[in-house]
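[1] Only the shape, not the letters, is given here:
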Ligand SMILES: [Zn+2]
């Protein structure tokens, strides 16, 4: 009898231990991936539930709004959403939850609540978890309209538009074909006004079609979007053609230096090998990587106009190559490559001081592939200038520079046939014709006039 009691006691203790241990098992882990903040006409619900080993006994997803609860998914009614088994222990629930899928949804705040439970110890214990997300439902598209008038766009050139957008916190700007130019608060351009007034610089790139549609856009986080046209005229611009004869002496000088500084290129030149294949890789692959880097630098732009007045042309420089010159490369009489030159080449004499084209902040000062030693200055609202082939650099990233301030000395680093300055201007990282930015009349007509008409002060008139 005592023996039997002993066994019962041991069993009871063992059961207790199992009960406690099983109870320690993790509850399901819930992640609401979508929506993040907003629900529009079209929106998606995306939820994952992780339940290690044990199976899910309950999963309910509901939307609460104005005291009403609408079921979005339940294990008992699996047809209401798409259930995907992502891993042996993780499922994903997806379904549309926008106004289109749920016509009863009201504009305003709502809450998504997910509860999940798993059982352990043969169904004796339950582990529960829940997660919630507060969202705002918005179905009206934003409103966007141009404020400035008379927009003229040269092929390869820049333009600026002042526009209003409501509500002011949505994404907006100018769309030129598939290129996006974000707008910035007009207060950053010296126009003290309501937060819905914006300024966007945009371009018709040298290789875009003259008929490329140009329009304003606005898009909120709920995915509601609106477009608006504005008056503009586009003008064709002839670009020159040039021929470059590649000499062995040139290739031997430039290729090894560029390869040394460009570990991203996997090409190697052995003793006695021709430098031509490596040159072609530099002129194509590295040129493309450098262009991507310049686009990435545009992300560091300031939200306000940092510059004043026309950009500084390099005094008495001799122009050796202009914007968008089409170049055909020959080696030993045979055509080997074609590229477009997307800046200005300006030569005076060797190692002349290079001056900042306008006020701004340095965002890059280092070796940059085909441009050799290179400085990029941000002038705000997506406008940046680039100075290439430098022999020495006198500024560092983060430095504030003034127009006319010496930032470097010219040289022939990178892909340069001789000592000269390669100068370019970028909008959102895409090269545009710098001639416009040097021209006081262009600055007045395209920028200053529009800011003044929008109520701006003395900006851009220095
Ligand atoms: Zn150049």
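    Yep, that arrived. The shown structure was predicted, so the numbers you read here are calculated from the model rather than taken from an experiment. Residues are numbered from 1 along each chain as shown.

[2] Could you check which residue of the stretch 301-450 of the chain lies nearest the ion?
    residue 422 (3.4 Å; Cβ to the ion). The way it works is simple: take the backbone N, C-alpha and C, and place the C-beta from them, glycine included.

[3] If I look at that residue, what pLDDT would I see?
    Listed pLDDT for residue 422 reads 95.

[4] Disregarding flanking residues, what is the spatial nearest neighbour of it?
    Take residue 422 and drop its neighbours on the chain: the residue closest to it by Cβ to Cβ, 6 or more residues apart in numbering is residue 388, 3.6 Å away.

[5] In which helix or strand does the one you found reside?
    According to DSSP states H and E, residue 388 maps onto strand 383-390.

[6] Over to residue 129?
    Element membership for residue 129 (DSSP H and E) is strand 125-137.

[7] quick revisit: please tell me how far the residue of the stretch 301-450 of the chain closest to the ion sits from residue 30.
    Separation of residue 422 from residue 30 (Cβ to Cβ, to the nearest Å): 55 Å.

[8] Next to the ion, which bits of the stretch 301-450 of the chain? Give me the list.
    Within the stretch 301-450 of the chain, the positions adjacent to the ion are 343, 345, 422 by Cβ under 5 Å from the ion.

[9] on that earlier part again, now the helix or strand the residue of the stretch 301-450 of the chain closest to the ion falls within against strand 383-390, angle please.
    Assigned by DSSP H and E, residue 422 falls within strand 421-427. Between the axes of strand 421-427 and strand 383-390, defined by axes from the mean of the first three to the mean of the last three Cα atoms, to 10 degrees, the angle is 160 degrees.

[10] elements contacting strand 421-427?
    Using 3 or more Cβ pairs under 8 Å, 6 or more residues apart in numbering; DSSP states H and E, the elements in contact with strand 421-427 are strand 197-203, strand 344-347, strand 383-390, strand 430-432, helix 434-438.

[11] Make CSV from the ones you listed and add mean pLDDT and mean neighbour count to it.
    Listed next are those as CSV, based on pLDDT from 0 to 100; neighbours: other Cβ atoms under 10 Å:
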stretch, mean pLDDT, mean neighbour count
strand 197-203, 97, 26
strand 344-347, 88, 22
strand 383-390, 97, 26
strand 430-432, 97, 24
helix 434-438, 95, 21
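
[12] is it possible to export these to CSV including distance to residue 217?
    Below are those laid out as CSV (distance: least, Cβ to Cβ, whole Å):
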stretch, distance to residue 217
strand 197-203, 10
strand 344-347, 32
strand 383-390, 20
strand 430-432, 18
helix 434-438, 24
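
[13] To residue 105, which of these lies closest?
    Residue 105 lies closest to strand 197-203 among the helices and strands packed on strand 421-427, at 30.0 Å (Cβ to Cβ).

[14] what about that closest one, distance to the chain center?
    Distance, stretch centre to chain centre, for strand 197-203: 16 Å (Cα atoms, centre = their mean, to the nearest Å).

[15] Ok, stretch 172-185 next?
    Distance, centroid of stretch 172-185 to centroid of chain: 11 Å (Cα atoms, centre = their mean).

[16] Identify the bridge partners of residue 233.
    residue 152 (DSSP bridges).

[17] Hmm, it is touching residue 153, no?
    Yes: shown here, residue 233 and residue 153 form a contact pair, counting by Cβ atoms under 8 Å, at 7.2 Å.

[18] more neighbours, these two?
    Set residue 233 next to residue 153 and count neighbours by other Cβ atoms under 10 Å: residue 153 wins out with 20 against 9.

[19] Please see if stretch 251-258 touches the ion.
    No: Stretch 251-258 is not in contact with the ion by Cβ under 5 Å from the ion; minimum separation 12.8 Å.

[20] can you give me the mean pLDDT across that stretch?
    Rounded mean pLDDT across stretch 251-258 is 94.

[21] Let me know the secondary structure of the spatially most central residue of the chain.
    For the chain, residue 299 is the residue whose C-alpha lies nearest the centre (Cα atoms, centre = their mean; 6.2 Å). Of the three states, residue 299 takes helix under DSSP: H, G, I helix; E, B strand; the rest coil.

[22] Let me know the pLDDT of it.
    If you check residue 299, the pLDDT there is 97.

[23] and if you look at residue 7?
    Taking residue 7 on its own, its pLDDT is 70.

[24] Could I get the full set of strands for the stretch 101-250 of the chain?
    108-120, 125-137, 143-146, 151-154, 158-166, 171-176, 179-182, 184-185, 197-203, 214-219, 225-228, 232-235, 241-246 (DSSP state E, counting those that start in this stretch).

[25] The ones you listed into TSV, with extra columns for distance to residue 336?
    Putting those into TSV (distance: least, Cβ to Cβ, whole Å) gives the following:
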stretch	distance to residue 336
strand 108-120	60
strand 125-137	58
strand 143-146	47
strand 151-154	32
strand 158-166	33
strand 171-176	33
strand 179-182	31
strand 184-185	43
strand 197-203	30
strand 214-219	37
strand 225-228	44
strand 232-235	34
strand 241-246	7
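
[26] Out of these, which one sits most buried?
    strand 197-203 (a mean of 26; mean count of other Cβ atoms under 10 Å).

[27] quick revisit: for residue 42, find the nearest of the helices and strands packed on strand 421-427.
    Residue 42 lies closest, by Cβ to Cβ, to one member of the helices and strands packed on strand 421-427: strand 197-203, at 25.5 Å.

[28] okay, the angle between that closest one and strand 383-390?
    If you take the same axes, to 10 degrees, strand 197-203 sits at 40 degrees to strand 383-390.

[29] care to break the protein down by domain?
    27-137, 143-235, 241-432 (automatic domain parsing).

[30] ok, then the element right after the helix or strand bottoming out on mean pLDDT in the chain?
    In the chain, the helix or strand scored least confidently by mean pLDDT, DSSP states H and E is helix 2-23, which has a mean of 64. Per DSSP H and E, helix 2-23 leads on to strand 29-34 as the next helix or strand towards the C-terminus.

[31] Can you spell out which helices and strands pack onto the next helix or strand after that next one?
    Using DSSP H and E, the helix or strand that follows strand 29-34 towards the C-terminus is strand 38-39. Helices and strands touching strand 38-39, by 3+ Cβ pairs under 8 Å, 6+ apart, are strand 125-137.

[32] What residues does the nearest residue to residue 348 once chain neighbours are set aside make contact with?
    Spatial nearest neighbour of residue 348, excluding adjacent residues (Cβ to Cβ, 6+ apart): residue 317 at 5.1 Å. Shown in contact with residue 317 (Cβ atoms under 8 Å, 6 or more residues apart in numbering): 346, 347, 348, 421.

[33] I figured the first one hits residue 423, correct?
    Yes: counting by Cβ under 8 Å, residue 346 sits close enough to residue 423 to count as a contact (6.0 Å).

[34] Need the overlap of contacts for those two.
    residue 314.

[35] Can you pull out the low-pLDDT segments for the stretch 201-350 of the chain?
    315-316 (pLDDT under 70).

[36] Which stretches in it count as helices?
    In the stretch 201-350 of the chain, the helices defined using DSSP state H, counting those that start in this stretch lie at 248-261, 276-281, 287-297.
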